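In: The sequence and its predicted three-dimensional model are supplied below.
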Amino acid sequence: MISFYRKLFCCGLISFVFFYSATAQNGQGSKTLLPPVETQPPVSKGQEPAFKGQTRIRGVKTKSKIKITSIADGLKFPWGLDFMPDGRMIVSEKPGNIRIVSKEGVVGAKIQGVPAVRLKGDGGMYDVKLDPDFAKTRLVFWNFVEPVTGGGVTSVARGKLASDEKSFENVKIIYRSSPAYEGPNHNGSRMLFDKNENLFVSFGERFDDEIRKKAQDLGSSLGKIVRIDKEGKAVKGNPFENNPDALPEIWSLGHRNPQGLAFNPTTGELWASDLGPDAGDEINIIKAGANYGWPIISYGIEYSGEPVNGGLTVRKGMEQPVYYWDPTIAPSGITFYMGNLIPEWKGNLFVAALRGSHIDRLVIKDNKVVGEERLFTDLNKRFRYITQGPDGALYAIIDDPDGKIFRISN
């Protein structure tokens, strides 16, 4: 397979290697304050951030030499990616497939045994994660929109990868969101195992006016982040376990379309991205039992141009985002970089931006965003997910019918 680097070389172009000379590094110690990376006027009129630096923070520039290289292509709208113990990758595709990709970038055949997927609107196959004990159990977890009476629900399944890696055995759906709904959008979803091998799963609020209010309903898993065990059961100690009117698996509520989850390796806190409408994309620190406000408060506006709930952005008892974007960049997968290949990036949060068509780098200090950089804008690709590989490089996938896996390194 000809790599992206070689394709550019053959065309007489250079690879995507960037050189930076700005004095700002890690958002600290700079004598020159770079302007914010967002240059378009705000879409939401008359709104003010709740605190300084909540949006349009000053820009920073990477000083290290970096490159982005395509290492695999031919994937159909890839959504999730995880690394196998031997360094290969397991990748989910929105149309309903899971495949293994070799370290050399060879895309394998779809693995058999995956239940039927409802491919409609933004719904389909979503994330894929290996059991933390995969080397022993060979269990793989994935979430997807399941066709059911009444439309679709976002479900979590698991199966044992057969020894020949051609199929999943003993496939079981361990969790189903509720309620079912016919609408095709904002199904969610992202998954993440914690250090205790419990599974956090995020769910969208299903978009339409009549259903999105469920994001505030503790009797529904729509617009929520839940914490379940490997059997799909609520984990003991969840914040609403003693509330008879609440689903015991709920961890947090008031989310719109959360497509990114990551643990801050320095603090251990769970962070999440959430897509706003025409503005108001959010980065949140997720606290047990906390309410993130949607659709009551928002820094976004409706697609009609009207303010959300009259333009309310603050309410007592509802969390403020650590950071928000206006206009939207449509953030999806997120990851904290802790590798050694690019030391100045250590501890930074990286955000895959769909509508923004870039990788967003956020410099974090004391749980605040202190600098922002937009990377790889020249590629003009809808980045769906980003994660750190075992080699210390970042790996990103794009939302495209000819989906690619990119490796980002020095």
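Out: Received, thanks.

In: And residue 33, what's its pLDDT?
Out: pLDDT, residue 33: 74.

In: same question, the one 10 residues further on
Out: In the predicted model, residue 43 carries a pLDDT score of 95.

In: Now do the helices in the stretch 51-200 of the chain.
Out: Using DSSP state H, counting those that start in this stretch, the helices of the stretch 51-200 of the chain run over 134-137.

In: so where do the strands sit in it?
Out: Per DSSP state E, counting those that start in this stretch, the stretch 51-200 of the chain carries strands over the ranges 66-75, 78-83, 89-93, 97-101, 125-130, 139-148, 151-161, 168-176, 191-193, 199-202.

In: Kindly export the first one (C-alpha atoms) in PDB.
Out: Right, the one you point to is strand 66-75. C-alpha atoms of strand 66-75 as PDB (Å, rounded to 0.1, in the frame of the first residue of the first chain):
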ATOM      1  CA  ILE A  66       5.400  16.900  13.500                       C
ATOM      2  CA  LYS A  67       4.000  14.800  10.600                       C
ATOM      3  CA  ILE A  68       0.800  13.100   9.800                       C
ATOM      4  CA  THR A  69       0.900  10.000   7.600                       C
ATOM      5  CA  SER A  70      -1.900   7.800   6.300                       C
ATOM      6  CA  ILE A  71      -1.200   4.200   7.400                       C
ATOM      7  CA  ALA A  72      -4.400   2.600   6.200                       C
ATOM      8  CA  ASP A  73      -7.300   3.400   3.900                       C
ATOM      9  CA  GLY A  74     -10.400   1.800   2.400                       C
ATOM     10  CA  LEU A  75     -12.500   1.900   5.500                       C
END
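
In: can you pull the buried residues of it?
Out: Buried residues in strand 66-75, counted by 16 or more other C-beta atoms under 10 Å: 66, 67, 68, 69, 70, 71, 72, 73, 75. For glycine as for every other residue, the C-beta is placed from the backbone atoms N, C-alpha and C.

In: State the distance from the residue nearest to residue 208 when sequence neighbours are not counted to residue 295.
Out: Leaving aside its sequence neighbours, residue 208 sits nearest to residue 183 (C-beta to C-beta, 6 or more residues apart in numbering; 4.9 Å). If you measure residue 183 against residue 295 using C-beta to C-beta, to the nearest Å, the figure is 15 Å.

In: Nearest to residue 339, out of the strands of the stretch 51-200 of the chain?
Out: strand 66-75 (11.9 Å; C-beta to C-beta).

In: related to what we said a few turns ago, let me know the closest of the buried residues of strand 66-75 to residue 212.
Out: residue 75 (30.9 Å).

In: quick one: the closest one and residue 401 touch, right?
Out: No. Using C-beta atoms under 8 Å as the test, residue 75 is too far from residue 401 to be in contact (9.0 Å).

In: in the sheet, who's paired with the residue nearest to residue 111 when sequence neighbours are not counted?
Out: Nearest residue to residue 111, sequence neighbours excluded (C-beta to C-beta, 6+ apart): residue 98, at 4.9 Å. Judged by DSSP bridges, the bridge partners of residue 98 are residue 92.

In: wouldn't residue 98 be in contact with residue 142 here?
Out: Yes. Taking contacts as C-beta under 8 Å, residue 98 lies within contact range of residue 142: 6.3 Å.

In: so what sits against both of those two?
Out: When contacts are counted by C-beta atoms under 8 Å, 6 or more residues apart in numbering, residue 98 and residue 142 have 92, 114, 125, 128 as shared neighbours.

In: Select, from those, the two members most distant in space.
Out: 114 and 128 (10.2 Å).

In: returning to what we had before: ok, of the buried residues of strand 66-75, which one's closest to residue 347?
Out: residue 66 (16.6 Å).

In: now that closest one: how far from residue 409?
Out: 7 Å.

In: circling back to that earlier point, contacts only, for the residue nearest to residue 208.
Out: 121, 151, 206, 207, 208, 211.

In: Also residue 188?
Out: Counted by C-beta under 8 Å, 6+ apart, residue 188 has contacts 126, 143, 154, 177, 201, 202, 203, 204, 257, 258, 259.

In: ok, how many other residues are close to the third one?
Out: Residues near residue 154, counting by other C-beta atoms under 10 Å, number 27.

In: quick revisit: which one among the contacts of residue 188 gets closest to residue 41?
Out: residue 257 (24.0 Å).

In: pretty sure the closest one is touching residue 190, no?
Out: No. Counting by C-beta under 8 Å, residue 190 is not a contact partner of residue 257; they are 10.4 Å apart.

In: what about these two, which has more around it?
Out: Per other C-beta under 10 Å, whichever of residue 257 and residue 190 has more neighbours is residue 257, with 29 against 26.

In: any idea of the pLDDT on the more buried one?
Out: For residue 257, pLDDT reads 98.

In: State the helix or strand in which it lies.
Out: Assessed by DSSP states H and E, residue 257 sits outside every helix and strand.

In: Run through the residues that contact it.
Out: Residue 257 neighbours (C-beta under 8 Å, 6+ apart): 186, 188, 204, 205, 207, 274, 275.

In: which one is the third one nearest to, not counting chain neighbours?
Out: Spatially, and ignoring its direct neighbours in sequence, residue 204 is nearest to residue 186 (3.4 Å; C-beta to C-beta, 6+ apart).

In: hang on, the earlier thing: ranking the strands of the stretch 51-200 of the chain by burial, who's on top?
Out: strand 199-202 (a mean of 27; mean count of other C-beta atoms under 10 Å).

In: Tell me which residues of the helix or strand following it come out buried.
Out: Counting by DSSP H and E, the element after strand 199-202 in chain order, helix or strand, is helix 209-212. Going by neighbour count (16+ other C-beta under 10 Å), the buried part of helix 209-212 is 211, 212.

In: Begin at 858, not 1, for the rest of this chat.
Out: Taking 858 as the first residue, the last one we looked at is helix 1066-1069.
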